[in-house]
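>>> sequence first, predicted coordinates after that:
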Amino acid sequence: MSEPTVAPIAADPAGFPGPDELAAALERTGYLPDEGLATAAYLALVMHRPLFLEGEAGVGKTALAHALAQITGRPIYRLQCYEGLEASQALYDWDFGRQLLHLRAAEAAHATTDTESLEASLYDRRFLLARPLLQALEDSPSVLLVDEVDRADDEFEAFLLEVLSDFTISIPELGTVRATTPPLVVLTSNRTREVHDALKRRCLYHWLQHPDFDREVAILRRRLPDVTEQLAREVARATATLRTLDLLKPPGIAESMDWATALHTLGARDLDPDLAARTLGAVLKYREDTERVQSLAKGAIFGG
């Protein structure tokens, strides 16, 4: 008995033959992925599977979603998760203010005799406030960014899993909304808590690490072209050192860019230890971290 054959997955309409071409397109936006991340993003596109990105804050998880939206020409809808987030805040809500105005207008026009028709008109699509999940399904194809899903409650995580299973939303008053083309879903987590395995199994998974020295220099030079190469290299080296100090919040690439920008704004062409110490607020976000760094020899961390 012959082995069953698996039909090949068609290339995404965005027109990327493979991960290398996708990586090149991302680089043109200023986002420099490594091979593993480019491959994961490509597979998410062509397999229509959510991409679950996990890693420390500031490593480029959210930025990847925006870059993917840019290179595919898709609109992006962002759902920022937080504790207590409810389904109605992610799906849709009714505009009660407009419904009330509509009801008063009907009363003024003496059009309230047919109560069934009046009640039905109150739940017309024009009174529906679409939230990110519904927007992403209606505006197909799109990119749906579910940011910091680890901050949401277990109940919302279970609801999200149901939506991502078939990309369908049921609105009792209007019917069922189904995405013509499944959105490219990017979920991010800073790992403040463990996300349930059921959600992870639904997704393609990738762990984002801090970039190595050469990649971080390349990112700084690409995103901040006015910053000198010397300053970019010294900021990247100092940031890498800060990440080894067991800080409460190790700096990510976002903080590295902020630091280089702050130093450049003050006229620096290289990393002067005194100026670096005065601008720590751009790269460190906790008092304890700042005090720890200031207690160490500046020259050992910042050079000079």
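Received it, and whenever you're ready, just let me know what you need.
>>> and the helices in the stretch 51-200 of the chain?
For the stretch 51-200 of the chain, helices defined by DSSP state H, counting those that start in this stretch occupy the ranges 61-72, 87-90, 96-108, 115-122, 132-138, 154-166, 197-201.
>>> kindly present these as JSON lines, with separate columns for mean pLDDT, mean neighbour count and distance to residue 225.
(Each C-beta comes from the backbone N, C-alpha and C, glycine too.) What follows is these, written out as JSON lines (pLDDT from 0 to 100; neighbours: other CB atoms under 10 Å; distance: least, CB to CB, whole Å):
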{"stretch": "helix 61-72", "mean pLDDT": "95", "mean neighbour count": "21", "distance to residue 225": "17"}
{"stretch": "helix 87-90", "mean pLDDT": "87", "mean neighbour count": "16", "distance to residue 225": "38"}
{"stretch": "helix 96-108", "mean pLDDT": "79", "mean neighbour count": "13", "distance to residue 225": "47"}
{"stretch": "helix 115-122", "mean pLDDT": "72", "mean neighbour count": "12", "distance to residue 225": "54"}
{"stretch": "helix 132-138", "mean pLDDT": "93", "mean neighbour count": "22", "distance to residue 225": "33"}
{"stretch": "helix 154-166", "mean pLDDT": "88", "mean neighbour count": "15", "distance to residue 225": "39"}
{"stretch": "helix 197-201", "mean pLDDT": "91", "mean neighbour count": "13", "distance to residue 225": "38"}
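>>> now distance to residue 28 too, for those helices, in TSV please.
Shown next, in TSV, are the helices of the stretch 51-200 of the chain (distance: least, CB to CB, whole Å):
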stretch	distance to residue 28
helix 61-72	8
helix 87-90	32
helix 96-108	43
helix 115-122	48
helix 132-138	25
helix 154-166	29
helix 197-201	31
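>>> tell me where the stretch 201-304 of the chain has strands.
Secondary structure of the stretch 201-304 of the chain (DSSP state E, counting those that start in this stretch): strands at 204-207.
>>> show me the helices in it, by range?
Using DSSP H, counting those that start in this stretch, the helices found in the stretch 201-304 of the chain span residues 213-223, 229-242, 253-265, 273-278, 287-295, 298-302.
>>> turn those helices into TSV, columns for mean pLDDT.
What follows is the helices of the stretch 201-304 of the chain, written out as TSV (pLDDT from 0 to 100):
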stretch	mean pLDDT
helix 213-223	94
helix 229-242	94
helix 253-265	95
helix 273-278	88
helix 287-295	89
helix 298-302	62
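>>> which one, of these, ends up nearest to residue 177?
helix 253-265 (34.8 Å; CB to CB).
>>> starting at the chain centroid, how far to the closest one?
Chain-centre distance of helix 253-265: 21 Å, with CA atoms, centre = their mean, to the nearest Å.
>>> find the nearest non-adjacent residue to residue 255, please.
residue 283 (4.6 Å; CB to CB, 6 or more residues apart in numbering).
>>> how far away is residue 43 from residue 101?
Distance, residue 43 to residue 101, by CB to CB, to the nearest Å: 48 Å.
>>> from residue 144, how far off is residue 238?
37 Å.
>>> the more surrounded of the two?
Set residue 238 next to residue 144 and count neighbours by other CB atoms under 10 Å: residue 144 wins out with 29 against 21.
>>> show me what contacts the more buried one?
For residue 144, the contact set (CB atoms under 8 Å, 6 or more residues apart in numbering) comprises 76-77, 79, 132-133, 136, 183-186.
>>> filter these to the buried ones?
Buried subset of those (neighbour count, 16 or more other CB atoms under 10 Å): 76-77, 79, 132-133, 136, 183-186.
>>> I'd like these as CSV, with distance to residue 234 appended.
Formatted as CSV, those follow (distance: CB to CB, whole Å):
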residue, distance to residue 234
76, 34
77, 39
79, 38
132, 40
133, 44
136, 42
183, 41
184, 37
185, 39
186, 33
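>>> now do the same contact list for the spatially most central residue of the chain.
Most central in the chain under CA atoms, centre = their mean is residue 62, positioned 2.9 Å from the mean C-alpha point. Neighbour list for residue 62: 145, 147, 188 [criterion: CB under 8 Å, 6+ apart].
>>> got a PyMOL select line for the buried ones in the residues you listed?
Listed next is the PyMOL selection for buried residues among the contacts of residue 62, using 16+ other CB under 10 Å:
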select buried, resi 145+147+188
